[in-house]
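Visitor: quick one: sequence plus predicted model below, questions after.
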Amino acid sequence: MSAAPSVSSFLTPELLVVLLLVLIVVRRTVRQVQGAPFSVTRLVVFAAVYVLLFVALASATLLASVATWGTDAEALLLPYGAVPVLAAFFAAPYVERVVQFERREDGQWYYRLSWHIPVLFLALFLTRVVAELAVFGPSGAVPSFPPPPPPSTAALYVLIAVDLLFGLSLGLMTGRGLGVVRAHRALPADPAAPPPSPPLPSG
């Protein structure tokens, strides 16, 4: 009689990476609804991480597409690049209008977004992860080399669709960061700050 599989047998290194990414995105979503400290560096770093993640996940799908369709798969490069750029272009001015800032007791600026903005990004991100797990399994959720065997044509279309959804969420997240930075730059000077010192007398 064989023993039941342990939990550790399901928690592969690839799946642990996916779970860590999900936890980071969930935590980030909650913070932005409740109020997150404003930091240009933090916004840039998160954007860079998600760009790299999108490139890695999209590369896995593109490799599978090349194995199935050959050079015709190169046509996917245009929508893969255009969707994030267009999403960021439209998201930035919207977020700039709706983001709210407040200065808290620690003297730092915090920004807050309406719940639907970060939750939309979270939903699109989770859709991509679930589809990847369903089609490739845990070993394909994080791209590996050599890549997993090419999926069926129907599964490939599903992956392309959710890739574009993730590209949309990436563009929304990037535009969100741009909008927050631009809105912060437009804030009035802190009225609590002391006035500048008068010039020293000459002579």
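Guide: Now that the structure is in, tell me what you want to look at. It should be emphasised that the depicted structure is a prediction, and the values quoted were computed from it without experimental measurement. Numbering: from 1, shown residues only.

Visitor: regarding residue 120, what is its secondary structure?
Guide: helix (DSSP: H, G, I helix; E, B strand; the rest coil).

Visitor: need the contact list for it.
Guide: For residue 120, the contacting residues are 169, 172, by CB atoms under 8 Å, 6 or more residues apart in numbering. C-beta coordinates here come from the backbone N, C-alpha and C atoms, glycine included.

Visitor: also residue 181?
Guide: With CB under 8 Å, 6+ apart, residue 181 has these contacts: 40, 43.

Visitor: now swap in residue 51 and tell me
Guide: Residue 51 neighbours (CB under 8 Å, 6+ apart): 170, 174.

Visitor: cool, residue 99 as well?
Guide: Here residue 99 is in contact with 111-113, 179-180, 183 (criterion: CB under 8 Å, 6+ apart).

Visitor: so what's the backbone phi/psi at it?
Guide: phi -70, psi 150 (degrees, to the nearest 10).

Visitor: now do the strands in this protein.
Guide: 36-37, 100-103, 109-112 (DSSP state E).

Visitor: who does the first one touch, helix- and strand-wise?
Guide: It stands for strand 36-37. strand 109-112 (3 or more CB pairs under 8 Å, 6 or more residues apart in numbering; DSSP states H and E).

Visitor: mean confidence score for the strand it packs on?
Guide: For strand 109-112, mean pLDDT rounds to 88.

Visitor: kindly report the same for stretch 28-44.
Guide: 85.

Visitor: measure residue 121 to residue 29 for me?
Guide: To residue 29, residue 121 is 7 Å away according to CB to CB, to the nearest Å.

Visitor: same deal with residue 135?
Guide: 25 Å.

Visitor: could you do residue 95 as well?
Guide: 15 Å.

Visitor: likewise for residue 46?
Guide: Residue 46 is 12 Å from residue 29, by CB to CB.

Visitor: also residue 171?
Guide: 17 Å.

Visitor: in the chain, which helix or strand is least confident?
Guide: In the chain, the helix or strand scored least confidently by mean pLDDT, DSSP states H and E is helix 7-10, which has a mean of 52.

Visitor: where along the protein do the helices fall?
Guide: Counting by DSSP state H, one finds helices in the chain at the ranges 7-10, 13-34, 40-69, 77-98, 116-136, 138-141, 153-185.

Visitor: now for these, which one comes closest to residue 107?
Guide: helix 153-185 (14.9 Å; CB to CB).

Visitor: tilt between the closest one and helix 40-69?
Guide: 160 degrees (axes from the mean of the first three to the mean of the last three CA atoms, to 10 degrees).

Visitor: can you state the direction angle for helix 153-185 and helix 116-136?
Guide: Going by the same axes, to 10 degrees, helix 153-185 makes 160 degrees with helix 116-136.
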